[in-house]
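1. got a predicted structure here, sequence first:
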Amino acid sequence: MPVLPFWLTEPLRGQFAALLPQRPKFDPTHPLGCHRRRISDRIVFDKLLQVLRFGCSYEAIADSTCSAATIRGRRDEWIGLGLFARLKQIALQAYDRVVGLVLDQIAVDGAITKAPGGGEAAGPSPVDRGKQGMKRSGMTDGYGIPLGRVLSGANRHDSPLLAPTIDLPSGLGPLPDEITVHLDAGYDSDKSRAVLDERKLRGQIARKGTKAPVQATRRWHVERTHAWQNAFKRLARCYERRTSVIEAFFDLADTVITVRSLIRRAWTTHRWDTRPRRRP
């Protein structure tokens, strides 16, 4: 069973391959000139997609084609080159060019997931008997396309993470003059309103103690995006300890979400060679 459908993995592989630097098949510095052939980047990229989607360990996904050490080493090499962040940025630009990002309506919310191994972005979870957990403060556009996130321990409140979260967008071109930020009752405080006023943003914040269904505002878009991200088991139960690795997996997951939404929404208006026969 493929980790992702063919019509989704092919554009991801093609764009990622275009970002990779040119490397020789054999190590030219080997003293005898007979070093083993370099493992294909395509194989390693597919292995990382499997780790992201299924949440399995590197040892469990390794086989005769690629070892766990190669997966980790290539992953760290690509993180150092900033390839995952660049891939996500290209996906956002393509979506904005073809469909259009809804940047005048932004939603921000936090989500807590498990982090059994602890790490740099982990802390005691208030909803899991103090076990190690991770909080992400995510931001989406008006449709739910992920624009970025801030990682922190699960014991952090949503409100202090608002400022660094809404300062994330970059490389998206000029922003609208009037932007509305949709927030839940956890942000109902003078401090959150001051953060929005400093940035000349208009906030639509749910009131504490007042019952309001999530459908009453546009906050449900970010809730749906959290569910999309949690479908990637490596993010829902994170065993990575380094923040840089977690951010890389989030960038890869956000790229998949963005490209999938792009193909789905462009299916009725555009034609291309690898277009799915049915709307995904």
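-> Noted; the coordinates are in hand.

2. so who does residue 252 touch?
-> Neighbouring residues of residue 252 by C-beta atoms under 8 Å, 6 or more residues apart in numbering: 48-49, 52, 84, 87-88. The way it works is simple: take the backbone N, C-alpha and C, and place the C-beta from them, glycine included.

3. SS state for it?
-> Here residue 252 is helix, with the state taken from DSSP: H, G, I helix; E, B strand; the rest coil.

4. so what pLDDT did it get?
-> We have a pLDDT of 97 for residue 252.

5. ok, now how distant is it from residue 197?
-> Separation of residue 252 from residue 197 (C-beta to C-beta, to the nearest Å): 35 Å.

6. same question, residue 265
-> 34 Å.

7. more neighbours, the two?
-> Between residue 265 and residue 197, residue 265 has the larger neighbour count (other C-beta atoms under 10 Å), namely 16 against 12.

8. list the contacts for the closest residue to the more buried one other than its chain neighbours?
-> Residue nearest to residue 265 in three dimensions, not counting chain neighbours: residue 99, with 5.1 Å by C-beta to C-beta, 6 or more residues apart in numbering. Contacts for residue 99 (C-beta under 8 Å, 6+ apart) come out as 261-262, 265-266.

9. CSV for those, including distance to residue 136 and pLDDT?
-> Formatted as CSV, the contacts of residue 99 follow (distance: C-beta to C-beta, whole Å; pLDDT from 0 to 100):
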residue, distance to residue 136, pLDDT
261, 19, 95
262, 23, 95
265, 25, 91
266, 28, 91
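
10. select from those residues every entry located in helices.
-> Among these, the members falling in helices (DSSP state H) are 261-262, 265-266.

11. burial check on the nearest residue to residue 280 once chain neighbours are set aside, number of neighbours?
-> Leaving out its chain neighbours, the residue that sits closest to residue 280 by C-beta to C-beta, 6+ apart is residue 264, at 5.2 Å. Residues near residue 264, counting by other C-beta under 10 Å, number 13.

12. would you confirm that residue 264 contacts residue 275?
-> No - judged on C-beta atoms under 8 Å, residue 264 makes no contact with residue 275 at a distance of 11.3 Å.

13. quick one: residue 126 from residue 118, how far?
-> 16 Å.

14. for residue 29, that is, sorry about that
-> Residue 29 is 38 Å from residue 118, by C-beta to C-beta.

15. neighbour-wise, which of the two wins?
-> residue 118 (15 against 8).
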